[in-house]
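Colleague: this is the structure alone, sequence omitted:
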Ligand SMILES: Nc1nc2c(ncn2[C@@H]2O[C@H](COP(=O)(O)OP(=O)(O)OP(=O)(O)O)[C@@H](O)[C@H]2O)c(=O)[nH]1
Ligand SMILES: [Mg+2]
């Protein structure tokens, strides 16, 4: 347990009041040129009563994002963390680096979230709730397509593309998830500990699909929590057609390869 939290009675009391006991949560935020958003998103996450910690994975953003995060780590030591990588290596590998960082430490719940406020930090407690307790899910997905289409300010073409991409993935994989490309996710530690993270291949949207699909193949329980997704107001998109293409063909190859894989099913007895 983090020394700051372990010795702070107020934090312990807050954790107990939130029903969290001594369980620790880490929100991983990958960044590339997010100087307009990064300080505000860190402040919004750390202002929540649940004592979320934040890990930013920055890929040497030319706009100086890492410097802003470093300031936050000094302001909130033990609460905000920064992992710097040499260059833009893609969202998927950033998350894998973050997951490994978390598994080397004692986090119980590990989150994925974008820096650009498309994912509302105020929804983090609902994702945590869905994974908490003995009956909690192993994975909670912040879902745009559970109750209709909850996307605000995206051009219609992009909404349709994303919605039908999710349906296509559901049809091909048979995975019971409405928003398969969602990047707002809570994992219980045991999901990431059980999966072979070195064998996750994809980097863009397909990374999100592959993570959910692999967890599902291992027998983990996935819950969806409805969220409203809002298009970024500040900064620029990093989406590219290559990333989209990876998703289109990647899904078929994911499903195809799964027929030949022997997924080790998770059981409470064999894993922690
Ligand atoms: N570390 C790292 N972060 C990245 C990389 N590419 C994107 N990101 C971050 O990943 C998150 C999602 O990227 P976005 O550009 O918002 O992608 P998107 O949500 O599909 O596109 P928008 O519609 O423009 O928001 C943001 O926090 C980005 O800064 C990368 O190569 N490395
Ligand atoms: Mg975005």
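Modeller: Alright, I've got the coordinates. All values derive from a computational prediction rather than experimental measurement. Ligands and ions are numbered 1, 2, ... in the order given.
Colleague: and stretch 26-44 with ligand 2, contact?
Modeller: No: counting by CB under 5 Å from the ion, ligand 2 has no neighbours in stretch 26-44; the shortest distance is 9.5 Å. Quick note: C-beta positions are derived from backbone N, CA and C, even for glycine.
Colleague: and that stretch, which residues are buried?
Modeller: Judged by neighbour count (16 or more other CB atoms under 10 Å), stretch 26-44 contains these buried residues: 26-39, 41-42, 44.
Colleague: check the offset of it from the chain's centre.
Modeller: Its chain's C-alpha centre and that of stretch 26-44 lie 13 Å apart, by CA atoms, centre = their mean, to the nearest Å.
Colleague: and the residue of the stretch 151-272 of the chain found nearest ligand 1, how many neighbours?
Modeller: Going by CB to the nearest ligand atom, ligand 1 is nearest to residue 237 of the stretch 151-272 of the chain, at 2.5 Å. Residue 237 has 9 neighbouring residues, counting by other CB atoms under 10 Å.
Colleague: that's a strand at residue 140, yeah?
Modeller: Yes: Residue 140 sits within a strand when classified using DSSP: H, G, I helix; E, B strand; the rest coil.
Colleague: distance of the residue of the stretch 151-272 of the chain closest to ligand 1 relative to residue 54?
Modeller: Using CB to CB, to the nearest Å, one gets 22 Å for the distance from residue 237 to residue 54.
Colleague: do the same with residue 61
Modeller: 16 Å.
Colleague: of those two, who's got more company?
Modeller: Using other CB under 10 Å, the more surrounded residue of residue 61 and residue 54 is residue 54, with 27 against 20.
Colleague: right, and the more buried one touches residue 25 too?
Modeller: No: the criterion here is CB atoms under 8 Å, and residue 54 misses it with residue 25 at 9.9 Å.
Colleague: among the buried residues of stretch 26-44, which ones are in helices?
Modeller: 38, 39, 41, 42, 44 (DSSP state H).
Colleague: nearest spatial neighbour of the second one, chain-adjacent residues omitted?
Modeller: Same thing as residue 39. Of all residues not flanking residue 39 in the chain, residue 68 sits nearest, at 5.4 Å (CB to CB, 6 or more residues apart in numbering).
Colleague: still on that earlier bit, need the ones in helices among the buried residues of stretch 26-44 in CSV with pLDDT, can you?
Modeller: Putting these into CSV (pLDDT from 0 to 100) gives the following:
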residue, pLDDT
38, 97
39, 98
41, 98
42, 98
44, 97
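Colleague: nearest to ligand 2 among these?
Modeller: residue 41 (11.4 Å; CB to the ion).
Colleague: OK, contacts around the closest residue to that closest one other than its chain neighbours?
Modeller: For residue 41, ignoring the flanking residues on the chain, the nearest one in space by CB to CB, 6+ apart is residue 115 at 5.2 Å. With contacts defined as CB atoms under 8 Å, 6 or more residues apart in numbering, the neighbours of residue 115 are 29, 30, 31, 34, 37, 38, 41, 56, 235.
Colleague: the stretch 1-150 of the chain: helices as residue ranges?
Modeller: 3-7, 9-17, 38-46, 65-75, 91-103, 124-131 (DSSP state H, counting those that start in this stretch).
Colleague: quick one: which of those is nearest residue 162?
Modeller: helix 91-103 (15.6 Å; CB to CB).
Colleague: what's the closest one packed up against?
Modeller: strand 25-31, strand 53-58, strand 80-84, strand 109-112, helix 189-194, helix 205-217 (3 or more CB pairs under 8 Å, 6 or more residues apart in numbering; DSSP states H and E).
Colleague: ok so, going back, pull the most distant pair out of the contacts of residue 115.
Modeller: Most distant of these, by CB to CB, are 56 and 235, 14.3 Å apart.
Colleague: so those two - more neighbours on which side?
Modeller: residue 56 (28 against 19).
Colleague: what separates the closest residue in space to residue 184 that isn't next to it in sequence from ligand 2, distance-wise?
Modeller: In this structure, residue 184 finds its nearest non-sequential neighbour in residue 142, 3.3 Å apart by CB to CB, 6+ apart. As judged by CB to the ion, to the nearest Å, residue 142 and ligand 2 stand 13 Å apart.
Colleague: ditto for residue 154
Modeller: Distance from residue 154 to ligand 2, by CB to the ion: 10 Å.
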